[in-house]
Structures are given as structure tokens and as C-alpha cells.
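J.: What shape does this take:
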Amino acid sequence: MSWFRRAKRAEGEAPMLPAVAAPVAHVVGPGRLSLDSGRIVHENDEGRRQATLLLEGLELLICHGRVAIDPGCLAALAEAKVAVAFMAADGRRLLARITPEDDPRVIGRVMQHRVLADVELRARLARPLVADKIHSQAGAARHYQRQGKSVTRADLDRLADFEKRAIDTRSLDKLLGLEGAAAVVWFDVFGRLLREPWEFQCRSRRPPADPVNALLSLGYTLLQHRVTAACQAAGLETALGPLHAYRAGRPSLACDLMEPLRVPVVDRWVVSLLNQGQVTVDDFHAVSGQGIRLTRRAFPKVLANWERQWNESRTTAVVSDRVRAFSGEIRSLAKPFKLLMKELENTGVAEMA
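T.: Coordinates of the predicted model:
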């Protein structure tokens, strides 16, 4: 850039932002997307540039909230075979997707079905999810032990043993057993982390029996919505996952991918919320048939606290990374793409898709 152009920008033009290259990009509205010299430009409602994205290598563009796309930009995205997903502003729901006509994610879903039909491959995919979940429990326990909380050496040893066994096991049933055993240890530790007047004896849901369980259920629900939306935006089949069995109406894949995030995203948030006095016992009440719930007055306050910690922790990027990693694992375990396409063409499935 010449000195003259730099001077003009210094006098009031919007500064030139470095272009970002990534396979998945998140754009947060309100704002608009346009095309400038072959690059995607994101501007807010005041016309200030927020980001510049390279089309090269971009596979999925996720728009959160009100994001308008200029026709020229939309045409360039389509030509580059970039899928576009429109999410609710809070990231909890997928509103719509725009995909190329020859969307490779169709074949990706076929791969997902094929791989998850194999019990051994399901166990291979489920193993790191369970091991990572137990690892997060052990990491949180060590963190609170350093803070002087009542966490024993025996607690840490048991979690470490469960993690090691999860890494080595080849059986889905044994993995589920290890996950359950580790959860018993973790929730025992979790109950000792809370200050008075809060008490936690065991995990109870449908309905939650006490305020602590009510907050855990709320946090897990909010996390599940976001992971489900991320899976849908990526074109994955949310009903099929390696760990949770298929059940009509349940996003089993989202339930699987959120497992390692339960402790760092939800459980530690609940501990902080309660121990720092962000809520009181008066913020909860019993609802017939629904157990303990937050009051209408307290719910917006708690939800705002959740959104703040979610944004500050950059968990959206963590969820995206996990979804992309799972997609990559599916591709690596499935038949080579060309062989699978030939097989589908021979059976007529490709034409049906």
C-alpha cells in the first residue's frame, strides 16, 4: 500500500484489517457481508469493518443473529462451494442452511451412517470422548484441590485409573460403565466444593430435586442446544453418535460431543455461580411435576451470567473444533471418497441423494 493510501486511511477511512483464512468462520451480527477484491468483508450496522475473510479454504460460514449477505458475496460463496449456516443470535438453534448443489456433506452423512453401523468403529470414536470427559473431571478436581477444597488423593487416583482404563478399553459397554463410575466420583467431589447453604447429594434430573441440580440441568440443556446447532450447521446427522444409542428425538451426536465439555463449561460455572453468591435460595421454587426451577425473576439474571461466561471463555470455537475433529475422524474411518462414490453410484444411492 502506498504512503498516500495509508494517509487517506489515517484521515478517516476504515482501517484495513488482515484477512483471516480458516475452514470454518463465525460472523456475529448485526451486520452485513459484502465482497471486496475477492475477499469477504464483514461490516457492522455503522459501516465499520469487523473482519475480512479469505474465500480460499473456507468450507463453512456461520452467521449468528442478523447478518445480511450482498448478492455478489452470496454468489461468490456459492461458486466457491462454501456452505452458509444461519443461527439464532444466542447460537442455540440453526435457522437455515445454504449448501452447494453437490454438497460433499451429503456423502459425509452417508459415511457417518456407515461408520457408526460398525460396533468396533463406534467404540473407537467413543473412547476418546469418555477419556476426555474423565480427564476434564480429574483436571477440575486438581484445580479445586490447589484452592484448598476437600479433594483427596484417593479421588484423583480413582479418576486417573478410570481415564487410563477408558483409553485402553475396546468395548462400548465397558466405556459406559467407566463413564458412570467416574461420574460417581466426580459428583462426590462436586458436592464438597459448594459452600453453605448449598447442598448436593447426588445427580437428579427429570425432575431436578434441588437448586444445584436445577442449575446443572439448565446448563447441560443450554450446552446441548449449542452443540446440536453446531452439528446441524456442519451438515452432520445429529441423531447418530458413537456413544449414546439412537433414540427418536434425541440428538445423540450432540450428547456425545458435549461430554468432555460438561465439567469445564457447566459444572464449574455452577460452582462459581453458587459460591460467589450470584443466586440465593429465594431464586428457586418448586413447580408441580417439574421439580425445582428458577423463578421468573431470577431466570434472566442467571441466563445473562451464562452468556457472559460462554463468550468470555470462547467456547464456541471449542465446540466448532470438536465438531470438525469428529467429521475428520468419520472421513478417516470410512472408505476412500472415490470408492464410496463408485459404490453409491452402482447402487443408485448417489442419484437419489
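J.: All the helices of this structure, in order from the start?
T.: In the chain, helices defined by DSSP state H lie at 3-10, 71-79, 104-116, 119-146, 153-168, 172-193, 211-233, 252-257, 268-275, 299-312, 315-333, 337-347, 349-352, listed in chain order.
J.: what packs against the fourth one?
T.: So that's helix 119-146. helix 104-116, helix 153-168, helix 172-193, helix 252-257, helix 315-333 (3 or more Cβ pairs under 8 Å, 6 or more residues apart in numbering; DSSP states H and E). All C-beta spots, glycine's among them, are computed from the backbone N, C-alpha and C.
J.: Tell me which of the ones you listed lies nearest to residue 228.
T.: Across these, residue 228 has its closest neighbour in helix 252-257 (4.0 Å, Cβ to Cβ).
J.: what does the closest one rub up against?
T.: The contact list for helix 252-257, computed with Cβ atoms under 8 Å, 6 or more residues apart in numbering, reads 126, 129, 224, 227-228, 231, 236-246, 319, 322-323, 326.
J.: What is the least confident helix or strand in the protein?
T.: Here the helix or strand of the chain ranked lowest by mean pLDDT, DSSP states H and E is helix 3-10, holding a mean of 33.
J.: mind listing what's buried in stretch 210-222?
T.: Buried positions in stretch 210-222, judged by neighbour count with 16 or more other Cβ atoms under 10 Å: 210, 211, 212, 213, 214, 215, 216, 217, 218, 219, 220, 222.
J.: I should have written stretch 182-200 there, sorry.
T.: When neighbours are counted by 16+ other Cβ under 10 Å, the buried residues of stretch 182-200 are found to be 182, 183, 185, 186, 187, 189, 190, 191, 193, 194, 198, 200.
J.: Export that stretch to CSV, keeping only CA atoms.
T.: These are the backbone C-alpha positions of stretch 182-200, laid out as CSV (Å, rounded to 0.1, in the frame of the first residue of the first chain):
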residue,chain,number,x,y,z
ALA,A,182,-16.1,-41.7,37.1
ALA,A,183,-19.3,-39.6,37.3
VAL,A,184,-20.0,-41.1,40.8
VAL,A,185,-16.5,-40.0,42.0
TRP,A,186,-16.7,-36.6,40.3
PHE,A,187,-20.2,-35.7,41.7
ASP,A,188,-19.0,-36.8,45.2
VAL,A,189,-16.1,-34.3,44.8
PHE,A,190,-18.5,-31.7,43.3
GLY,A,191,-20.8,-31.8,46.4
ARG,A,192,-17.8,-31.0,48.6
LEU,A,193,-16.9,-27.9,46.6
LEU,A,194,-20.1,-26.0,47.5
ARG,A,195,-20.4,-23.5,50.3
GLU,A,196,-23.4,-23.2,52.6
PRO,A,197,-26.3,-23.1,52.3
TRP,A,198,-25.9,-25.2,49.1
GLU,A,199,-26.1,-29.0,49.3
PHE,A,200,-25.6,-31.6,46.7
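J.: Look at residue 133 and say how many residues are nearby.
T.: A count of nearby residues for residue 133, using other Cβ atoms under 10 Å, gives 26.
J.: Tell me how this structure divides into domains.
T.: As assigned by automatic domain parsing, the chain contains the domains 3-102, 109-333.
J.: most neighbours per residue, which of these?
T.: Burial of the domains of the chain is given as mean neighbour count (mean count of other Cβ atoms under 10 Å); domain 109-333 ranks first at a mean of 17.
J.: So what would you say the end-to-end distance of that one is?
T.: Chord length of domain 109-333, first to last residue, is 13 Å (Cα to Cα, to the nearest Å).
J.: what separates it from the chain centre, distance-wise?
T.: Relative to its parent chain, domain 109-333 has a centroid offset of 11 Å by Cα atoms, centre = their mean, to the nearest Å.
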